[in-house]
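Asks: Return atomic coordinates for the entry below.
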Amino acid sequence: MTTIDKSGFSVEEIIRQFRSEYKIRDHELNYEILKRPSKGFFGLFANKIALVRFQVPENSDRIRLFLETLLDKMGVSFDTIVSKTEGKTLYLTIEGVVETGFIIGKNGSMLETLQYLVNRVFEDEKTLDRIYLDADGYRERRESQFLHKFLPQINKIKIHGKSLTLEPMSPGERRIIHRHIERDRGLRTLTIGEGENKRIVIFSSKKKESEVRNESLDEKTANQDKPINTRPRRPRRTKPMADKATDGAAKAESPANAKPVKKNRPPRKPRPRPRPKTQQGEKLD
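Replies: You can find the predicted model right below:
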């Protein structure tokens, strides 16, 4: 905390000017009125000067206080927020969270959203470049598992000095790589590509960024100019047309497949018409 005394003709005017000058928000305002202006007795012994003492928090304290206020409004119960500064990077860890699943979210989605919000609010702070947010060591465990497969390749850069281009990654995964490389003064990172999933190039700090970028472009061009494997496919074995015709004829002539021949029946003879019956004594014409 930094203590600053301000004087003026009105307490309200002193507070307004102080907030505008130091860009202090309501939840950060902490002051003590040392002297108020007075009219005196019949205009005698009047004191027209007011004196106010302000407590200005450091950047890390301001960000921590903002996060505490935000979590309180969200209804999140926690014990404390621990802050740690490394260079121009601030690490905030929320400890003692009651509902850990809510504050972390699915695959850390809620934690990523809060971290993005805090970075946007304090993006004008020149003393800080990045703000990382964690809850009960979740990010530390996740980063350790994710980095495990890349550590052997990263360590080879220090020995051979050759840059390493990683596979396309999401923004959250790229931040893990950036955060790990930031702690090593002998290495630097460069992001290349387009879209949401981009690549990270890890290279020695002795190299220039423009040199590494040109090497990446040359490598990409070489991969595009690489000839495509045009090995001819083996022709499919087929029977000659004559064989097919012969096979078809033989198949048609085979008795097994031959259709039965119908025999012609002789025409039916007409049945004789029965003669009509006559009564006794009656003759037929």
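
Asks: ok, which stretches of this protein are strands?
Replies: For the chain, the strands defined by DSSP state E occupy 2-8, 31-35, 50-56, 80-86, 89-95, 130-135, 164-165, 187-192, 199-204.

Asks: Adding mean neighbour count, distance to residue 111 and mean pLDDT as columns, could you present these in CSV?
Replies: The C-beta positions use only the backbone N, C-alpha and C, and glycine is treated the same way. Shown next, in CSV, are the strands of the chain (neighbours: other CB atoms under 10 Å; distance: least, CB to CB, whole Å; pLDDT from 0 to 100):
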stretch, mean neighbour count, distance to residue 111, mean pLDDT
strand 2-8, 13, 31, 84
strand 31-35, 13, 34, 85
strand 50-56, 17, 29, 85
strand 80-86, 13, 13, 90
strand 89-95, 19, 9, 91
strand 130-135, 21, 6, 90
strand 164-165, 16, 28, 90
strand 187-192, 17, 22, 90
strand 199-204, 20, 21, 91
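
Asks: Just send those back as a markdown table, with distance to residue 147 too.
Replies: Below are those laid out as a markdown table (distance: least, CB to CB, whole Å):
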| stretch | distance to residue 147 |
| --- | --- |
| strand 2-8 | 38 |
| strand 31-35 | 46 |
| strand 50-56 | 38 |
| strand 80-86 | 17 |
| strand 89-95 | 16 |
| strand 130-135 | 15 |
| strand 164-165 | 13 |
| strand 187-192 | 13 |
| strand 199-204 | 12 |
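
Asks: Tell me which of those strands sits nearest to residue 121.
Replies: Closest approach to residue 121 among the strands of the chain is made by strand 130-135 (9.3 Å; CB to CB).

Asks: so how far is stretch 148-160 from its chain's centroid?
Replies: Offset of stretch 148-160 from its chain centre (CA atoms, centre = their mean, to the nearest Å): 25 Å.

Asks: So for residue 103, which of the strands of the chain sits nearest?
Replies: Among the strands of the chain, the nearest to residue 103 by CB to CB is strand 130-135 (5.1 Å).

Asks: Parallel or antiparallel, which strands does that closest one pair with?
Replies: With DSSP bridges as the test, strand 130-135 is paired with strand 89-95 (parallel).

Asks: Tell me how far the residue nearest the centre of the chain lies from residue 69.
Replies: The chain has residue 170 as the residue nearest its centroid, 4.6 Å off, counting by CA atoms, centre = their mean. Distance of residue 170 to residue 69, computed by CB to CB, to the nearest Å: 30 Å.

Asks: same check, this time on residue 184
Replies: Using CB to CB, residue 184 is found at 35 Å from residue 69.

Asks: Then residue 120?
Replies: Relative to residue 69, residue 120 is positioned 16 Å away (CB to CB).

Asks: again with residue 38
Replies: Distance of residue 38 to residue 69, computed by CB to CB: 36 Å.

Asks: still on that earlier bit, who has more neighbours, residue 120 and residue 69?
Replies: Shown here are residue 120 and residue 69; by other CB atoms under 10 Å, residue 69 has more neighbours (14 against 10).

Asks: what's the burial count for the closest residue to residue 129 other than its chain neighbours?
Replies: With CB to CB, 6 or more residues apart in numbering as the criterion, residue 129 has its nearest non-adjacent residue at 4.1 Å, and that residue is residue 88. Per other CB under 10 Å, the neighbour tally for residue 88 reads 12.

Asks: again, but for residue 169
Replies: Neighbourhood size, residue 169 [other CB under 10 Å]: 19.

Asks: What are the boundaries of the helices in the stretch 51-200 of the chain?
Replies: 59-74, 100-104, 109-121, 138-147, 151-160, 171-182 (DSSP state H, counting those that start in this stretch).

Asks: can you put the ones you listed in JSON lines and add distance to residue 10?
Replies: Shown next, in JSON lines, are these (distance: least, CB to CB, whole Å):
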{"stretch": "helix 59-74", "distance to residue 10": "26"}
{"stretch": "helix 100-104", "distance to residue 10": "43"}
{"stretch": "helix 109-121", "distance to residue 10": "30"}
{"stretch": "helix 138-147", "distance to residue 10": "48"}
{"stretch": "helix 151-160", "distance to residue 10": "60"}
{"stretch": "helix 171-182", "distance to residue 10": "47"}
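
Asks: Figure out which of those is closest to residue 215.
Replies: Residue 215 lies closest to helix 151-160 among the helices of the stretch 51-200 of the chain, at 13.3 Å (CB to CB).

Asks: Before I go, just wanted to say thanks for your time.
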